[in-house]
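> from the sequence below, what's the structure:
(chains A and B)
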Amino acid sequence: MTLTIVLACAAALLALAPFAVVIGRSAAASRLIYGASVIVPAISLIAALAQLLGTAAPETVTLPVGLPWLGAHFRLDALSAFFLIVVDLGAASASLFALGYGEHETSPERVLPFYPAYLAAMTLVVLADDAFTFLVSWEFMSLTSWALVMSHHRLPDNVRAGYVYLVMASFGTLALLLGFGLLAGSDGLYTFAQMRAAHPPAMLGALALILALIGAGSKAGLVPLHVWLPLAHPAAPSHVSALMSGVMTKVAVYGFVRIVFDLAGPPAWWWSIVVLALAGVTTVMGVLYALMQHDLKRLLAYHTVENIGIIFIGLGLALAFETYGMTFAAALALTAALFHVFNHSLFKSLLFFGAGAVLTATGERDMEHLGGLIHRMPQTAFVFLIGCVAISALPPLNGFVSEWLTFQAILLSPQLPSWGLKLLVPAVGALLALSAALAAACFVKAYGVTFLGRPRAPAAETATETNSFSLAAMFLLAALCLLAGILPGLFINALAPVSSALVGGHMPVQTGAQWLALVPITASRSSYDGMLVFVFMAISGTLAAFAIHRLASDRLRRAPAWDCGYPDASPATQYTAMSFAQPIRRVFGTVVFRAREHGEMPPPGSTRPARLVVELHDLIWEALYAPLAVGIGFAAERLNHLQFLTIRQFLTLVFCTLVILLLVLAIWS
Amino acid sequence: MILDMTVQGAQMLLVLLLAPLFTGFVRKVKARLQRRQGPPLIQPYRDLARLMRKEVVLAQNASWLFRVIPYLIFAATWVAAALVPTFRTGLLFSWSADLIAIIALLGSGRFFLTLAGLDVGTSFGGIGSSREVMIASLAEPAMIMIVFTLALIAGSTQLSTMAEFMASPAVGLRVSLGLALLALIIVAIAENGRIPVDNPATHLELTMVHEAMVLEYSGRHLALIELTASLKLILYVSVIACLFVPWGLAPAGAGWPALAIGVAAYIGKLAVGGFLLALFETSIAKMRVFRVPEFLGAALMLGLLATLLRFVSGSF
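Residues are numbered from 1 along each chain as shown, chains lettered A, B, ... in the order given. Predicted coordinates:
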């Protein structure tokens, strides 16, 4: 029944797409489409919540569409239900945001038809129960999001972003296609149920892991497959950016979890090593890239890469524990990863909404032209601050809880018997800690330069607060961030059926401890109570304010800034995004980005300004992708001649190919 | 239960009241080591009282956040300090945040203080904030690695349990403990902005960090920030004391005599810690700001090495 409702919702979203084409540019179109896109995912969300919280048995449905005689299989189990919640919550809040934001869209006819189709595609991916449906939905999701990325196709940057995205998305789908082909085997067992029962041989399972890492990893943004992500995510309209960063990367995580934990059979000892090593590098690289950006939306997109790394660290640990039969620890690590999936979808959507609000208010994405927005957009500034605190993994908000759980899982890993893991896990722990500290630095920069200080350009001076629909969406997500931070036990209890289904165990029920504390193992070992910390902070802060204002002084006088006696009237003397990151660039960037900076002094007598030139190299692009692109270009140039052969030459070519193939066949057998 | 409540309340008040005294003590010892008379021990209290009575002079474009932040960071630091066992383990609320959460609470405080540095939009605030996050980006992971080491030795991240384990004979002398102690001292120096990382006594020096961030604060806001800095210093000394010299700590459920011994031992440890800090600060010169990453990198590597040793074998 639940599955039927959810599928009906997806069908309704699909039906909205042609409808949006028909109503086109009319004034009410945007309201109508986004309004429907709030309601339909909300219904689907309630159904998925009922499925997960009610720990209902998995439901399956076979629809007579798709491949002839085979049909399309759908299934709603705990894992699908959880990811469906993430998708629907993101979709509903993004549509709510877009109810206001969409008014500012210059070409709504390029966004409206694809938007509901994109939502439907993401829903169908998490529901698919056979390889064909999964891949079709996956590709549909890629194409609709590509169309949305290209909605402002006249900007040259967006064209490049769209091109790189299309190439990487096809490459990823190809990897998944091959992966499913291997899992299906020569018998062509193409439904997930058959694959699950087949227990693929170790070799095939390993290849499937690698292909899943490439296919799902490229969509999620694992380094070094992340290159398209910081180009494509910011290019889309902001509510779509939020969906791509906050939700679509999670759908990719779902693909990985489904293949590796559910379909590919028991893990081999080295699987977790590959995943953990990639995840550790992804975490730190993502945040370092983010720190070097001064485009607000691109900074957020790079930061998604970091969070995907954190999620994959949890998944890698779960895989390691599962390999050695440590069910309880595996459940803890998996729960940490999935909780972070949920948390990240909340605060990343929130932050992209905030960036979108700033973009509509000022027309700027470049932080170097912003500043002082806290005075002009106080409510946006407030919710954006909550998002920043949450994503920087600071208590008492939700980002901290999932990272804390990941740390607790790391602390269980000395019991692993593998030497490779014994050496790798502490290093990954150090990388995770480093990335947490750098993330805080990154968001001090993002918030401080955008919202605090003095306006750096006229656009920032004349900004006004955003509309109430967008604010409602942001306040909703901010409230959920706080709720998940102070009552994490509720959310972790809800994840129990997911981890039971995947690793055969779950964390202890979290409502038994006193004052709703979070106790992953035993109370004497570790516990955290977000609510109590929050209440304590609120009480002591209020107490201090009350005591001081009552007993000492509450007088206040406004005066010019002090700045050590030399205040400068020009806002250009403030720290910028680039200068704020300079110490970190010097410490980390000299190695990671081969960062160099040098001053260009004009000759004496010249009135030209002196310039500081900063040189950064994206080594992954330069070492991996640029040579690949050059190679492909070179090969294409050579093969191009084949178009202009005479008929005789063509026939000779065909003949030679035939002879060679026959020879190969003869030698083979 | 009543006793537990009292002890928890007493602990909260004790750290709050002792914090300025401890800062004054360190200043006094430093002055004496430099053959100066130095301000009286209670000078920090007088300063705080004076600042609280003064009016706040707020920069024209300071936002509401700038005015809220002193209370926020004070609350975060006070909550963190209240959860570190000083004279008795098994505090009533010690389970509400383990050592990782305490570190993260201090991280929250720092996050907001660096934002305050950027709020008015002056170059001094920016320089302080950007350097502070650079220092934190190395000090925080080092601290987490230290926590990992100690947690793997004690089998817990709960400070009370850790302190009890450290006081028991089961702990013994370990290489990893030594490395962790060294790293923890480096981190504590950096986190509190002491020499050689930052100089708490100067105000107009190009390499200053913490003082540059709070330059625009005045009156009661500045008083709270100063009090928070003292609280943070005493918190780190308490963490080191309860993990590495846990002797004299009263166990949970102990009676009044044990508690009295605990308080006396705690004050003794603070005196020794303050003296050592003053001695160290007097005998060393301030570092150039880009030498600090190397200094903290050493702490990170020591912490990582200690954790690795624990992962490789339980006997280190």
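
> SS state for residue B:41?
When classified by DSSP: H, G, I helix; E, B strand; the rest coil, residue B:41 comes out as coil.

> find the nearest non-adjacent residue to whichever residue of the stretch 51-200 of chain A sits closest to chain B, please.
Here the residue of the stretch 51-200 of chain A nearest chain B is residue A:97; by Cβ to the nearest Cβ that distance is 23.5 Å. Backbone N, C-alpha and C define where each C-beta goes, glycine included. Leaving out its chain neighbours, the residue that sits closest to residue A:97 by Cβ to Cβ, 6 or more residues apart in numbering or on different chains is residue A:473, at 3.7 Å.

> and that neighbour, that's in a helix?
Yes: with the criterion set as three-state DSSP, the secondary structure at residue A:473 is a helix.

> and it, how many residues sit next to it?
One way to gauge burial is a neighbour count; for residue A:473, by other Cβ atoms under 10 Å in any protein chain shown, it gives 29.

> helix, strand or coil for the residue of the stretch 51-200 of chain A closest to chain B?
When the structure is split into helix, strand and coil by three-state DSSP, residue A:97 lands in helix.

> that one against residue A:477, yeah?
No: using Cβ atoms under 8 Å, residue A:97 is not in contact with residue A:477, being 9.1 Å away.

> spell out which residues are contacts of both of those two.
Residues touching both residue A:97 and residue A:477 (Cβ atoms under 8 Å, 6 or more residues apart in numbering or on different chains): residue A:353.

> quick check on residue B:265: phi, psi?
The phi and psi values for residue B:265, taken as degrees, to the nearest 10, are phi -60, psi -40.

> look up the closest residue to it, ignoring the ones flanking it.
In space, and not counting its chain neighbours, residue B:265 is closest to residue B:248: 2.7 Å by Cβ to Cβ, 6+ apart.

> now for that neighbour: which residues touch it?
By Cβ under 8 Å, 6+ apart, the residues touching residue B:248 are B:87, B:261, B:262, B:264, B:265, B:266, B:268, B:269.

> so where's the stretch 201-350 of chain A shaky on pLDDT?
In the predicted model, the stretch 201-350 of chain A carries no residue with pLDDT under 70.

> closest point of chain A to chain B, which residue?
With distances taken as Cβ to the nearest Cβ, chain A approaches chain B most closely at residue A:575, which sits 2.6 Å away.

> give me the number of residues near that residue?
Around residue A:575 there are 25 residues (other Cβ under 10 Å).

> helix or strand: which one has the nearest residue to it once chain neighbours are set aside?
Once flanking residues are discounted, residue A:575 sits nearest to residue B:126: 2.6 Å by Cβ to Cβ, 6+ apart. Assigned by DSSP states H and E, residue B:126 belongs to helix B:123-154.

> mind saving the C-alpha coords of the next helix-or-strand element following that helix as CSV?
Sequence-wise, the next helix or strand downstream of helix B:123-154 (DSSP H and E) is helix B:159-167. What follows is helix B:159-167, C-alpha atoms only, in CSV (Å, rounded to 0.1, in the frame of the first residue of the first chain):
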residue,chain,number,x,y,z
LEU,B,159,36.5,12.1,31.5
SER,B,160,35.4,10.6,34.8
THR,B,161,36.0,7.1,33.7
MET,B,162,39.3,8.1,32.2
ALA,B,163,40.5,9.8,35.3
GLU,B,164,39.5,6.8,37.5
PHE,B,165,41.4,4.5,35.2
MET,B,166,44.4,6.8,35.2
ALA,B,167,44.5,6.8,38.9
